[in-house]
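Chemist: when you get a sec, could you give me coordinates for this:
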Amino acid sequence: MSQILIDEQIGGTVLHLKGQFVGGEETDQLRDKLKEISDSKQNKLIVDLDKTTYLNSTALGVLISAHANFVKRDGKIVLCNVSKSIENIFVITKLTLVFAIAENIESAIKELSK
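Modeler: Residues are numbered from 1 along each chain as shown. The predicted structure follows:
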C-alpha cells in the first residue's frame, strides 16, 4: 500500500512517498497533495523517494506537472533518496535534466538554499 507523508522542515516541505505509484488512487492522492502544497504558496519542496519502490509514467507526469507549477512561481523541487531502479527511469527519460536529485534530505535542503 502506498503512503504519502508531509513533513515541514526548515527551508521547505518534505513529501515522503512510500510504495508504488502506478497511476491509481495513490497517484491521485500524490497529485492532490502536490496541489495542496502549491496552493499554500510553498515554493520549496523535497520529494523523498527513500521508500518508493516504483513510479510509472502517470506518476512521473504528476511530478513533472508539479515541477512546472513550482518553476512558474520561482519555486524548486528536489528529489532525494532515489533508488538505483528509479534513478534509471529518470536517466532514461532524461528527467535528470529537469529535476535536481540529492543523495539525502540534508543534501536536498542545501540544494534548495542555492
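Chemist: and the top strand by length along the chain, how far from the chain's centre?
Modeler: Criterion DSSP state E: the longest strand present in the chain is strand 44-55. Taking Cα atoms, centre = their mean, to the nearest Å, one finds strand 44-55 lying 5 Å from the centre of the chain it belongs to.
Chemist: and the most centrally placed residue in the chain, bridged to which residues?
Modeler: In the chain, the centroid-proximal residue (Cα atoms, centre = their mean) is Val47; its distance is 3.3 Å. In this entry, Val47 is beta-bridged to Leu15, Leu79, by DSSP bridges.
Chemist: how distant is stretch 86-97 from the center of its chain?
Modeler: 13 Å.
Chemist: who touches that stretch?
Modeler: Applying Cβ atoms under 8 Å, 6 or more residues apart in numbering, the contact partners of stretch 86-97 are 49, 52, 54-55, 60, 64, 79, 82, 99, 101. Yep, even glycine has a C-beta here, placed from its N, CA and C like the rest.
Chemist: rerun at 7 Å
Modeler: By Cβ atoms under 7 Å, 6 or more residues apart in numbering, the surrounding residues in contact with stretch 86-97 are 49, 52, 55, 60, 99, 101.
Chemist: I'd like the average pLDDT over it.
Modeler: Averaging pLDDT along stretch 86-97 yields 95.
Chemist: check which residues of it are buried.
Modeler: In terms of neighbour count (16 or more other Cβ atoms under 10 Å), stretch 86-97 has its buried residues at 86, 89-90, 95.
Chemist: and if you look at stretch 36-49?
Modeler: Within stretch 36-49, the residues that count as buried by 16+ other Cβ under 10 Å are 37-38, 43-49.
Chemist: turn the buried residues of stretch 86-97 into CSV, columns for distance to Glu106 and secondary structure.
Modeler: Below are the buried residues of stretch 86-97 laid out as CSV (distance: Cβ to Cβ, whole Å; DSSP: H, G, I helix; E, B strand; the rest coil):
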residue, distance to Glu106, secondary structure
Ile86, 20, helix
Ile89, 24, helix
Phe90, 20, helix
Leu95, 23, helix
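Chemist: format those residues as JSON lines; extra columns: distance to Val14.
Modeler: JSON lines is the format used below for the buried residues of stretch 86-97 (distance: Cβ to Cβ, whole Å):
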{"residue": "Ile86", "distance to Val14": "17"}
{"residue": "Ile89", "distance to Val14": "21"}
{"residue": "Phe90", "distance to Val14": "19"}
{"residue": "Leu95", "distance to Val14": "20"}
